[in-house]
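> no FASTA, just this:
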């Protein structure tokens, strides 16, 4: 075989290989157009631990239960043990505002996805407090002073999986008659559960 014939043979082989790869690529592209493969690709782009559900998949969603005393989430349980209205000067209320104060326990689940929960961050991740006394806008209450100095140290302690730590949280009231609503929402989601607390 002459040198020119070898070159022609090599070029022909390259063309055959490229053609084969092109056909394989088209088949893969067609497979990726299918809902199953498209879902697999879409899901692979989410961070670990993020759950997605196919629009064709039948599923049941168990929503968190909040009865005004206990909230159960995927990672932890909050149990409210008491709530009070604090006037300026009551307990650890060193502000000039009336506060609604909640005392609570946080228990982190054994299989929690995060190992860095402390009582107050768990509470803040879970709840926002609202007084529905504005006809035009949602009146989200500001977080107040730690209402009970007993929890000065424990409020930021990391809770072990399976462990329980207590703390307290308060919010500044904007009036002394409208009930306060604790609203639970999953991150970046709409409200899942809520409960109203009378001003007493």
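Yep, that arrived. Predicted, not measured: the structure shown is a model, and the values here were computed from it.
> would you quantify the distance from the closest residue to residue 149 other than its chain neighbours to residue 125?
Leaving aside its sequence neighbours, residue 149 sits nearest to residue 92 (Cβ to Cβ, 6 or more residues apart in numbering; 4.7 Å). Where you see a C-beta, it was placed from the backbone N, CA and C, and this is true even at glycine. As judged by Cβ to Cβ, to the nearest Å, residue 92 and residue 125 stand 23 Å apart.
> next: residue 105.
Residue 105 is 16 Å from residue 125, where distance means Cβ to Cβ.
> helix, strand, or coil at residue 122?
Under DSSP: H, G, I helix; E, B strand; the rest coil, residue 122 falls in the helix class.
> run a quick neighbour tally on it.
By other Cβ atoms under 10 Å, the residues close to residue 122 number 24.
> same thing with residue 128?
Around residue 128 there are 17 residues (other Cβ under 10 Å).
> any idea which element it lies in?
Following DSSP states H and E, one finds residue 128 within strand 127-131.
> any residues touching that strand, and which ones?
71, 100, 138-141, 171, 173-175, 178-185 (Cβ atoms under 8 Å, 6 or more residues apart in numbering).
> mind running it again at 10 Å?
Applying Cβ atoms under 10 Å, 6 or more residues apart in numbering, the contact partners of strand 127-131 are 66, 71, 78, 80, 100, 102, 104, 138-144, 169-175, 177-185, 191, 193-197, 199.
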